[in-house]
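Participant: Mind folding the following:
(one chain, ligands or ions: 1)
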Amino acid sequence: MAKPVSIEVWNPNGKYRVISTKPMPGTRWINLLIDQDCRLEICTQKKTILSVEDIIALIGEKCDGVIGQLTEDWGEVLFSALSRAGGKAFSNMAVGYNNVDVNAATKYGVSVGNTPGVLTETTAELAASLSVAAARRIVEADEFMRAGLYDGWLPHLFVGNLLKGQTVGVIGAGRIGSAYARMMVISLTLLTYGEFLKANGEQPVTWKRAATMEEVLREADLISLHPILDKTTYHLINKERLSIMKKEAILVNCSRGPVVDEVALVEHLKENPMFRVGLDVFEDEPYMKPGLADMKNAIVVPHIASASKWTREGMATLAALNVLGKIKGYPIWSNPNQVEPFLNENSPPPAACPSIVNAKALGLTASKL
Ligand SMILES: O=C(O)[C@H](O)CO
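Facilitator: Model (predicted):
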């Protein structure tokens, strides 16, 4: 028997019961739901990751839709519970949905929303920050200063890699990977920047699409991972592939932890002290594999790539509108990458679901807007 969970209730007399498994940033998402006759229940349980049992208790006997988090296991059990409670809408507050069994959701007629288009640049910015921080050993140097160890400038002190003129590899050049690539050429178009460099007698920036991933791994000085996580990308970076990378390369991962075999990575970091990584995600989040936290050549941050105020508030808004739109029977927004109309605080959002990943499988109609 599941334990009762603590909740905060908004608009208690609302017709549609919507659950959010976590408090989320901003208030717009709350107002959008309660203005459209939803009774909103926000779980305030002091426990970071809710179990399946906790969420079943939250869903209860009658529930129209749920906004959930990427830390939760949304599979057969939860979708059947939601369906039994009359629910037809779920949205992850995330663009990634590897925690969701979309087939199970479809089987129970539940739509699965996600939040693309609002975290592209934010995530790419963190990947770029990790790249520079790893190259220039910023975190190690900061720890050194705070420990009172700095007793004067030295020629060898925290010598790192110069990124200028280096080869940057992007694995998974979708929305976020492409934004990262743009940022790494200093926000100018490749052509303009190339011409500028040429005029200054410097090597122009060039780019190419590599024929194989191995080619990227072998040639790049800095590699950023941006694939989705599925069966084909699990342990994409393993012992063998690490071994073909340059000994002084930098690897950044802001995608999903299991894309990298973390045990192999720890070994590789131990054996190659000049190889560096910047990690936002981990194989067994929230844990790190033994030894990783001790590695000076690793920068580790707690899955914060999308953590800017604007982005997180936007993600909350899109997730709420995915659920609200399905409850109201709205069509599906035609371009889930162009979600600005949903984020404009000065006008009401379009009457559409911003992004439903199983829209086709459920036979939902596309918006004409
Ligand atoms: O998938 C996502 O949205 C991100 O991992 C959250 O930062």
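
Participant: okay, now L126: neighbour count?
Facilitator: Counted with other CB atoms under 10 Å, the neighbours of L126 add up to 24. All C-beta atoms are positioned from the backbone trio N, CA, C, and that covers glycine.

Participant: Roughly how far does the closest residue to it other than its chain neighbours sit from the ligand?
Facilitator: Sequence neighbours aside, A305 is the residue nearest to L126 in space, at 4.1 Å (criterion: CB to CB, 6 or more residues apart in numbering). A305 sits 5 Å away from the ligand, going by CB to the nearest ligand atom, to the nearest Å.

Participant: Quickly find the element holding A305.
Facilitator: Counting by DSSP states H and E, there is no helix or strand that carries A305.

Participant: just checking, R312 touches P25?
Facilitator: Yes: when contacts are counted by CB atoms under 8 Å, R312 is listed as touching P25 (4.2 Å).

Participant: ok, now how distant is the residue of the stretch 251-369 of the chain found nearest the ligand from S20?
Facilitator: With CB to the nearest ligand atom as the measure, S306 is the residue of the stretch 251-369 of the chain nearest to the ligand, at 3.3 Å. Counting by CB to CB, to the nearest Å, the separation of S306 from S20 is 17 Å.

Participant: So for those two, which sits in the more crowded spot?
Facilitator: Each of S306 and S20 has its neighbours counted (other CB under 10 Å); S20 has more, 28 against 24.

Participant: for stretch 242-257, which positions count as buried?
Facilitator: The neighbour-count check on stretch 242-257 (16 or more other CB atoms under 10 Å) flags 242, 245-246, 249-257 as buried.

Participant: Could you give the number of residues near S111?
Facilitator: Per other CB under 10 Å, the neighbour tally for S111 reads 27.

Participant: List the residues that contact it.
Facilitator: When contacts are counted by CB atoms under 8 Å, 6 or more residues apart in numbering, S111 touches 88-90, 105, 322, 326, 353, 356, 358-359, 362, 364.

Participant: redo that, cut-off 7 Å
Facilitator: Residues near S111 by CB atoms under 7 Å, 6 or more residues apart in numbering: 88-90, 326, 356, 358, 362, 364.

Participant: Compile the buried residues of stretch 242-257 into JSON lines and extend it with columns for secondary structure.
Facilitator: Output for those, formatted as JSON lines (DSSP: H, G, I helix; E, B strand; the rest coil):
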{"residue": "L242", "secondary structure": "helix"}
{"residue": "M245", "secondary structure": "coil"}
{"residue": "K246", "secondary structure": "coil"}
{"residue": "A249", "secondary structure": "coil"}
{"residue": "I250", "secondary structure": "strand"}
{"residue": "L251", "secondary structure": "strand"}
{"residue": "V252", "secondary structure": "strand"}
{"residue": "N253", "secondary structure": "strand"}
{"residue": "C254", "secondary structure": "coil"}
{"residue": "S255", "secondary structure": "coil"}
{"residue": "R256", "secondary structure": "coil"}
{"residue": "G257", "secondary structure": "helix"}
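
Participant: of all those, which two lie farthest apart?
Facilitator: Longest distance between any two of those is 24.1 Å, between K246 and R256; criterion CB to CB.

Participant: Tell me where the model's unsure across the stretch 1-150 of the chain.
Facilitator: Applying pLDDT under 70 to the stretch 1-150 of the chain picks out residues 1-4.

Participant: swap in the stretch 151-300 of the chain?
Facilitator: The stretch 151-300 of the chain contains residues with pLDDT under 70 at 186-200, 203-204.

Participant: can you map out the strands along the stretch 51-200 of the chain?
Facilitator: With DSSP state E, counting those that start in this stretch, the ranges of strands along the stretch 51-200 of the chain come out as 65-68, 89-92, 111-113, 168-171.
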